[in-house]
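J.: everything below, folded, please.
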Amino acid sequence: MKQFKQSQKPERSESVEKFERDLIDRFGPLLTTVHLAEMLHRSEQGLRWSLTQPGQFADTINATRVRIGRRNYYRAADLALLLAGEVPV
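T.: Numbering: from 1, shown residues only. Prediction:
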């Protein structure tokens, strides 16, 4: 499973920062599974199933996951880096 280093932030390009601001403005700093499915144009159940399967997609997205109680949230800042291609997959 990939881990994002919190203490050492990589240089972010202007486009990544804009993408992160847009995500935070639209969904907040933490996205729910419903928000993530909407952003990826997937059904919620299909996304949940994909995230339980072994593979690169699930490992990469699950690396941005934060569990609060029984709920899963996904960090907008990490998703912006990931979807902009700034984080090697």
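
J.: for Glu17, see how far away Glu44 is.
T.: Separation of Glu44 from Glu17 (C-beta to C-beta, to the nearest Å): 28 Å. C-beta: built from backbone N, CA, C; applies to glycine.

J.: and Ala77, what does it touch?
T.: Ala77 makes contact with 20, 24, 29 under the criterion C-beta atoms under 8 Å, 6 or more residues apart in numbering.

J.: can you pull the contacts of the last one?
T.: Spelled out, that is Pro29. 75-77.

J.: the second one too?
T.: Residues in contact with Ile24 (C-beta under 8 Å, 6+ apart) are 76-77.

J.: looking at this, it is in a helix?
T.: Yes - counting by DSSP: H, G, I helix; E, B strand; the rest coil, Ile24 is found in a helix.

J.: could you report the pLDDT at it?
T.: Per-residue confidence at Ile24 stands at 93 (pLDDT).

J.: quick one on the thing from earlier: make TSV from the contacts of Pro29 and add pLDDT and distance to Glu38 to it.
T.: Shown next, in TSV, are the contacts of Pro29 (pLDDT from 0 to 100; distance: C-beta to C-beta, whole Å):
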residue	pLDDT	distance to Glu38
Arg75	95	16
Ala76	94	13
Ala77	91	18
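
J.: which of the residues you listed fall in helices?
T.: When the contacts of Pro29 are checked against helices (DSSP state H), the matches are 76-77.

J.: and which of the contacts of Pro29 is nearest to Leu36?
T.: Ala76 (9.9 Å; C-beta to C-beta).

J.: residue contacts, the spatially most central residue of the chain?
T.: Centroid check for the chain by C-alpha atoms, centre = their mean gives Leu79 as the closest residue, at 3.2 Å. With contacts defined as C-beta under 8 Å, 6+ apart, Leu79 is in contact with 23, 31, 36, 39, 64.

J.: and it, helix, strand or coil?
T.: Of the three states, Leu79 takes helix under three-state DSSP.
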